[in-house]
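**Student:** no FASTA, just this:
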């Protein structure tokens, strides 16, 4: 028998449904403390699913509850539809007969408790059976209460009320827990954004010394991320690499402007030599006296010292990058003269990213080189300046490298 066969019940209106949904939405976000009167109203509005294969039993139980002010019901005489009804109607309480054709009440209870979503749904068993095995099995399935048949309203009403009060309290705690979790996630995201902003501001503070846009650090971080991703780095590793690589030249903060911003005197012959990769770094450094050269080389050590003595994994990685990104694969770099895989992988990655951006960007001593020429010059540095595996990873991401160049281009 279907619901149409039962005595008609006034249906919940669309307006009331919307109101209920709005109330639920508000509760999940603000978790208000209900006043006693509001708690009573909430109890009376609880949705109760009544399941019994005998229509007269369903009608009788419903009548008792209506007299006590309950008005939100889902009724069924077909045990086969109960689980789909639960999924669709989302009741607050199930009143469940045990002895039914097709699917027994215990089987339904077992299915409810096996569901991750519905395992906490309150269930009260309605049964005329006095079989102790039935009760033992129902208790094993965490039934909330028993009511004998024929149903006594003096027992029905207080037991339903008690179960719904517990459900109300459980829902309140669950909503509060969800709110706390959402708040933790929000605060964590805010902290992550703040950390990113501080790192970026610190990186740009150094970069503004000789790059009036500060976008160099953004590009180097993004290039490093693309290389790391190609090498198999994932998730948080990539986030850390991108942020730490932005601090690669933080040591410039300690370099005097007279050195950092000195373009050198470049004649026609010197410009021609400058355009060759083999003389690129040499031309910049040879224009400085020895004591100034030592200060400039010292920015890697200075940057590393600025970032040491920290519990932050990002700053610890940034310290490694700051000290190692001017090392060269053949051992001719500075400040430690490391070679090959003795150079930390993050430093080897940032070296490629940093040099590419230096080549492809305008500097006081040179114009930007075309992208094709930049890739050629990097290739010329294979095994001398750059780790070949890192370089190959960079080349395989060529399309995204060019896209990053365009997206983060300097604006005059």
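**Tutor:** Arrived safely, thanks for sending. Keep in mind it's a predicted model, so treat the numbers as computed, not measured.
**Student:** my guess is residue 322 contacts residue 246. True?
**Tutor:** No - applying Cβ atoms under 8 Å as the test, residue 322 and residue 246 come out as separate, 10.9 Å apart. Just so you know, the C-beta spots here come from the backbone N, C-alpha and C atoms, and that holds for glycine as well.
**Student:** which residues are in contact with both of those two?
**Tutor:** With contacts taken as Cβ atoms under 8 Å, 6 or more residues apart in numbering, residue 322 and residue 246 have no neighbour in common.
**Student:** and residue 48, that's in a helix?
**Tutor:** No - assessed with DSSP: H, G, I helix; E, B strand; the rest coil, residue 48 is strand; it does not lie in a helix.
**Student:** report pLDDT for it.
**Tutor:** Per-residue pLDDT puts residue 48 at 92.
**Student:** tell me the contacts of it?
**Tutor:** Counting by Cβ under 8 Å, 6+ apart, residue 48 has contacts 65, 70, 72-74, 91-95, 160.
**Student:** which of the residues you listed fall in helices?
**Tutor:** 65, 160 (DSSP state H).
**Student:** could I get the contacts of residue 48 as a markdown table with neighbour count, pLDDT and distance to residue 40?
**Tutor:** Formatted as a markdown table, those follow (neighbours: other Cβ atoms under 10 Å; pLDDT from 0 to 100; distance: Cβ to Cβ, whole Å):
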| residue | neighbour count | pLDDT | distance to residue 40 |
| --- | --- | --- | --- |
| 65 | 22 | 92 | 15 |
| 70 | 21 | 91 | 11 |
| 72 | 17 | 90 | 14 |
| 73 | 23 | 91 | 18 |
| 74 | 19 | 90 | 21 |
| 91 | 21 | 93 | 19 |
| 92 | 20 | 90 | 15 |
| 93 | 20 | 92 | 16 |
| 94 | 26 | 92 | 22 |
| 95 | 27 | 93 | 20 |
| 160 | 24 | 89 | 13 |
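**Student:** pipe the contacts of residue 48 into CSV and attach distance to residue 81 per row.
**Tutor:** Converted to CSV, the contacts of residue 48 look like this (distance: Cβ to Cβ, whole Å):
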residue, distance to residue 81
65, 21
70, 22
72, 19
73, 15
74, 10
91, 13
92, 19
93, 18
94, 13
95, 15
160, 22
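**Student:** tell me which of the contacts of residue 48 fall in strands.
**Tutor:** Among the contacts of residue 48, the ones falling in strands (DSSP state E) are 72-74, 93-95.
**Student:** quick one: the helices in the stretch 301-412 of the chain, in order.
**Tutor:** 313-324, 345-360, 371-380, 388-396, 398-407 (DSSP state H, counting those that start in this stretch).
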